[in-house]
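Asks: what's the 3D shape of this:
(one chain, ligands or ions: 1)
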Amino acid sequence: MARLGASLLEQLLAADARYRGPRADCGAGHDAVFVSYRAKTIDTMLGPVRLRRAWYHCAACHRGLAPRDGELGTAGVSLSPGLRAMVARAAAAVPFARAGSLLAELAGVGVTTKRIERSAEADGAAARAGIDAQADAICSRQVVPLPPPQPLPDMLYIAVDGTGVPMVAAATEGRPGKGPDGRARTREVKLACCFTQATADGEGHPVRDPGSSSYLATFEPAARFRQLLDAEARRRGAEHIRQLVILGDGAVWIWNIADNLSPPPPRSPASTTPASTSTT
Ligand SMILES: [Zn+2]
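Replies: Below is the predicted model of the structure:
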């Protein structure tokens, strides 16, 4: 079935090589010149698919490009967006080599460990850049998150912890550690889980709202973690929810963060404070 699908997909994609005339925009404002049609094989969820697309060259940028690649999301990469998403999921769940055998067993696609590593780390870096940018936009008030849907949850809980993650030697190079040779073998990952609670069970015990958990995990130092967490708390509606609860052990950095997280605004029945007003 996958082979049949791949063959159909290949024929579908072959219907249009996106020849756009002798010249095409290079993406940096220059005219790139048509050179020829060039073939490229991309790996998809259905298996490898061969593409033929119009190839242009930009003399000013000294580089070639196929506008078709940009449209298909395969510019500079050889995995289709669909397969890339599968690779990212598997590689986030298990080590890269096991992700490869999982994909082979579950989906019948063969991707080498090295390609899984490269693809997953590139997508991870892109996801991280997106999260960083969103957090900075929220903290600087360029973006004001929507309030949580009604009825408002009564409590927003933020559980915070840190733990040492065993690392390969290359990932701890130059970092001092506590071992006899002074070399670090772990790095601390800081974690937070945000969840809301609106109801209690029959015995009065609070019940976590189903599906309300969101997570934050980073190797960044505490100062940056605080900003990311502040943004996540605001994104989750901390400014609209009656009570913010921080759960943590005795680590000093956690309580520094708890002291400095922006509290929700004081709520009075007559208050008409707009959501975008600073509360720090
Ligand atoms: Zn150019």
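Asks: sec struct for residue 20, please.
Replies: Classification of residue 20 by DSSP: H, G, I helix; E, B strand; the rest coil places it in coil.
Asks: From residue 84, how far off is the closest residue to it other than its chain neighbours?
Replies: In this structure, residue 20 finds its nearest non-sequential neighbour in residue 67, 6.2 Å apart by CB to CB, 6 or more residues apart in numbering. To be clear about C-beta, it is placed using only N, CA and C from the backbone, and glycine gets the same treatment. Distance, residue 67 to residue 84, using CB to CB, to the nearest Å: 20 Å.
Asks: Quick check: which element contains residue 189?
Replies: Here residue 189, judged by DSSP states H and E, is contained in strand 186-200.
Asks: Only the buried residues of that strand, if you could.
Replies: Neighbour-count burial for strand 186-200 flags 186, 190, 192-198 (criterion: 16 or more other CB atoms under 10 Å).
Asks: Closest one to the ion out of those residues, please.
Replies: Lowest distance from the ion to these (CB to the ion) belongs to residue 190, with 42.0 Å.
Asks: Surely the closest one touches residue 165?
Replies: No. With contact defined as CB atoms under 8 Å, residue 190 and residue 165 do not form a contacting pair (10.7 Å).
Asks: helices and strands around the one helix or strand residue 88 maps to, which ones?
Replies: Secondary structure from DSSP H and E places residue 88 in helix 81-93. In terms of contacts (3 or more CB pairs under 8 Å, 6 or more residues apart in numbering; DSSP states H and E), helix 81-93 is packed against strand 31-44, helix 96-107, helix 113-139.
Asks: Of these, which is nearest residue 152?
Replies: helix 113-139 (19.1 Å; CB to CB).
Asks: how much does the closest one deviate in direction from strand 31-44?
Replies: Interaxial angle of helix 113-139 relative to strand 31-44 (axes from the mean of the first three to the mean of the last three CA atoms, to 10 degrees): 110 degrees.
Asks: Helix 113-139: how far from the chain's middle?
Replies: Distance of helix 113-139 from the chain centroid (CA atoms, centre = their mean, to the nearest Å) equals 5 Å.
Asks: Identify each buried residue in it, please.
Replies: Applying a neighbour-count criterion of 16+ other CB under 10 Å, one finds 115-117, 119-120, 123, 132, 134-135, 138-139 buried in helix 113-139.
Asks: ditto for stretch 14-24
Replies: 17, 24.
Asks: hmm, who's touching that stretch?
Replies: Identification of contacts with stretch 14-24 by CB atoms under 8 Å, 6 or more residues apart in numbering yields 31-34, 37, 51-54, 56, 66-68, 71.
Asks: same thing with stretch 168-185?
Replies: 166-167, 186-187.
Asks: Need the CA coordinates for it. CSV is fine.
Replies: What follows is stretch 168-185, C-alpha atoms only, in CSV (Å, rounded to 0.1, in the frame of the first residue of the first chain):
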residue,chain,number,x,y,z
VAL,A,168,27.5,12.4,26.6
ALA,A,169,31.0,13.9,27.2
ALA,A,170,30.8,16.4,24.3
ALA,A,171,27.7,18.0,25.9
THR,A,172,29.5,18.8,29.2
GLU,A,173,32.8,19.9,27.8
GLY,A,174,34.3,22.8,29.8
ARG,A,175,31.6,22.5,32.5
PRO,A,176,32.9,21.9,36.0
GLY,A,177,31.5,18.9,37.9
LYS,A,178,31.6,17.3,41.3
GLY,A,179,33.3,14.0,40.2
PRO,A,180,36.9,13.2,41.3
ASP,A,181,38.2,14.3,37.9
GLY,A,182,36.3,17.6,38.1
ARG,A,183,34.4,16.8,34.9
ALA,A,184,30.6,17.3,34.8
ARG,A,185,28.6,14.2,33.8
